[in-house]
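Student: the amino acid sequence is not available; the structure is as follows:
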């Protein structure tokens with residue numbers, strides 16, 4: 001394959017990943033806001049249950065950031081060689 005063709009395909013793949021990741025981030029943030037509002041309005045959920053949700057939401061954000069770091073860290077390694 002031509003080097004320019006490979007480079008173009010890599011750029012397309014990176015753009016597709018970024019667009020998908022951004023879309024999933026928006027959906028996750030929107031769902032988190034909806035659940036926060038629901039949890040705040042339902043009196044039968046104990047404080048411990050609310051804390052579990054907050055911990056879960058924070059874990060999701062950390063894993064999401066780790067995934068992004070791994071993706072771009074691998075990209076930096078490829079460019080340095």
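Tutor: Looks like it came in fine. Here the structure is a predicted model, which is why all the values come from computation and not from measurement.

Student: and stretch 66-73, average pLDDT?
Tutor: When pLDDT is averaged over stretch 66-73, the result is 81.

Student: with stretch 2-12 instead?
Tutor: Mean pLDDT, stretch 2-12: 92.

Student: after the lengthiest helix in the chain, next one along is what?
Tutor: Counting by DSSP state H, the longest helix found in the chain is helix 3-41. Moving toward the C-terminus from helix 3-41, the next helix or strand (DSSP states H and E) is helix 47-80.

Student: can you list the buried residues in that following helix?
Tutor: Along helix 47-80, these residues count as buried under the neighbour rule (16 or more other CB atoms under 10 Å): residue 57. In short, each C-beta sits where N, CA and C put it, glycine included.

Student: show me the contacts for residue 45.
Tutor: Contact analysis of residue 45 by CB atoms under 8 Å, 6 or more residues apart in numbering lists residue 39.

Student: what's the distance between the most centrally placed residue in the chain and residue 23?
Tutor: When CA atoms, centre = their mean is applied to the chain, the residue found nearest the centroid is residue 64 (3.7 Å). Remark: distance between residue 64 and residue 23 (CB to CB, to the nearest Å) = 13 Å.

Student: check residue 29 too.
Tutor: As judged by CB to CB, residue 29 and residue 23 stand 11 Å apart.

Student: also residue 52?
Tutor: Here residue 52 is placed at a distance of 27 Å from residue 23 (CB to CB).

Student: next one: residue 30
Tutor: For residue 30, the distance to residue 23 equals 11 Å [CB to CB].

Student: need the overlap of contacts for these two.
Tutor: When contacts are counted by CB under 8 Å, 6+ apart, the set common to residue 30 and residue 23 is empty.

Student: wait, what's in contact with the residue nearest to the centre of the chain?
Tutor: Applying CB under 8 Å, 6+ apart, one finds that residue 64 lies in contact with 25, 28.

Student: repeat that for 10 Å
Tutor: Taking CB atoms under 10 Å, 6 or more residues apart in numbering as the criterion, residue 64 is in contact with 21, 24, 25, 28.
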